[in-house]
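Visitor: I would like to see how this sequence folds:
(one chain, ligands or ions: 1)
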Amino acid sequence: MRQLILALTVLLPGIALASGGGVHLQEANNDLNDKASLQAGAKLFVNYCMGCHSANYVRFQRIGKDLGISNSELQENLMFNADKVGETMNIALDKSDVKRWFGVVPADLSVIARARGTDWLYTYLLSFYLDDSRPLGVNNLVFKDVGMPHVLWDRQGWQKPVYEVTTDAHGKTHQVLKTLELVGKDKMSGNEYLAKVESYRKDVRDLVNFLDYIGEPNKLVGRSLGWKVILFLVIFLGFAYALKKDYWKDVH
Ligand code: HEC
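Guide: Below is the predicted model of the structure:
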């Protein structure tokens, strides 16, 4: 029993961290049926993520077929390292080089949406903030001391932490992180600021949508099949009802 409790106390902080370290996760609300969003996400992925992360389980061809992108469009817009559409989303960089630069090998992102969950990914990509104490100058709310740079800064801008001073029951003051805010907020009108925030949220939603899709490409097929089955059932119900009426009309 004591060992069990010990094991639990050792494990629990890990679990709490894995679920976002106490930070409230924002809902991704991504929509796998939205092809335009999936296409935009695919573009962002190859342009901003594949410098370091691969998606080795995924073939370009499959993406083209599922998302309605022709082979020539694939080659022109998505395939920078690959020659043939049958290739997987591998990266040109040598993984040992990347490890030397960042200290870790960036994970393959094929099934990251299943491992972390879409809400976590969404919140993660929204939560990079400036932190001078870190080697890359940024930290992340849901991934403390993250070793990944804020690669989407040219789409989001830089966020800085806003702290609030609170006093506890013993009269001690604490600095608590209240929110993150874009640098330069004071130079923008309220509407400008909201538009900028929303446009980045859309980027991240598209990206998470794409990661969700590659994690389980069959979900897409499954869903469209689901609709066909329902449609069939509805039509069938109509026929069955008409038949029933026809059979019973002489009885009444
Ligand atoms: C310059 C290299 C680089 C680029 C580009 C990059 N990443 Fe990363 N990423 C890393 C490194 C390094 C880590 C490991 C961080 C750590 O363990 O501290 C990481 C970690 C992650 C993780 C956490 C994986 C885990 O362990 O659960 C996710 C998710 C992620 N990256 C997503 C992305 C996405 C999405 C993009 C594109 C928008 C992207 N990355 C672009 C280097 C990069």
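Visitor: next one, pLDDT for L141 please.
Guide: pLDDT, L141: 95.
Visitor: okay, now it: neighbour count?
Guide: Neighbourhood size, L141 [other CB atoms under 10 Å]: 23. For the C-beta atoms, the positions are set from N, CA and C on the backbone; glycine is no exception.
Visitor: for it, give me its contacts.
Guide: L141 sits next to G21, V23, T123, S127, Y129, L177, L180 when contact means CB atoms under 8 Å, 6 or more residues apart in numbering.
Visitor: just those residues: which are in strands?
Guide: Y129, L177, L180 (DSSP state E).
Visitor: any of these buried? List them.
Guide: Y129, L180 (16 or more other CB atoms under 10 Å).
Visitor: in a markdown table, list the ones in strands among the contacts of L141 along with pLDDT.
Guide: Shown next, in a markdown table, are the ones in strands among the contacts of L141 (pLDDT from 0 to 100):
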| residue | pLDDT |
| --- | --- |
| Y129 | 97 |
| L177 | 87 |
| L180 | 95 |
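Visitor: please produce a markdown table containing the ones in strands among the contacts of L141, extended by distance to F102.
Guide: Formatted as a markdown table, those follow (distance: CB to CB, whole Å):
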| residue | distance to F102 |
| --- | --- |
| Y129 | 19 |
| L177 | 25 |
| L180 | 23 |
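Visitor: of the ones in strands among the contacts of L141, closest to the ligand?
Guide: Y129 (15.1 Å; CB to the nearest ligand atom).
Visitor: show me the beta-bridge partners of that closest one.
Guide: N139 (DSSP bridges).
Visitor: so what's it up against?
Guide: Contacts of Y129 (CB under 8 Å, 6+ apart): V138, N139, N140, L141, W158, Q159, K160, P161, L180.
Visitor: for P106, see how far away it is.
Guide: 20 Å (CB to CB, to the nearest Å).
Visitor: then V165?
Guide: 37 Å.
Visitor: out of these two, which sits in the more crowded spot?
Guide: With neighbours defined as other CB under 10 Å, V165 and P106 compare such that P106 has more, 18 against 9.
Visitor: and the residue lying closest to that one once chain neighbours are set aside, what element?
Guide: Once flanking residues are discounted, P106 sits nearest to C52: 4.3 Å by CB to CB, 6 or more residues apart in numbering. C52 is part of no helix or strand when elements are defined by DSSP states H and E.
Visitor: likewise the one 4 residues further on?
Guide: Counting by DSSP H and E, the secondary-structure element that holds N56 is strand 55-59.
Visitor: one step back: between the contacts of Y129, which is nearest the ligand?
Guide: Once CB to the nearest ligand atom is applied, the member of the contacts of Y129 that ends up nearest the ligand is N140, at 8.8 Å.
Visitor: what parts of the stretch 1-150 of the chain come near the ligand?
Guide: Counting by CB under 6 Å from any ligand atom, the residues of the stretch 1-150 of the chain close to the ligand are 48-49, 51-53, 102, 104, 106-107, 112, 116, 121, 124, 146-149.
Visitor: are any of those buried, and which?
Guide: Y48, C49, C52, H53, P106, I112, R116, L121, Y124, V146, M148.
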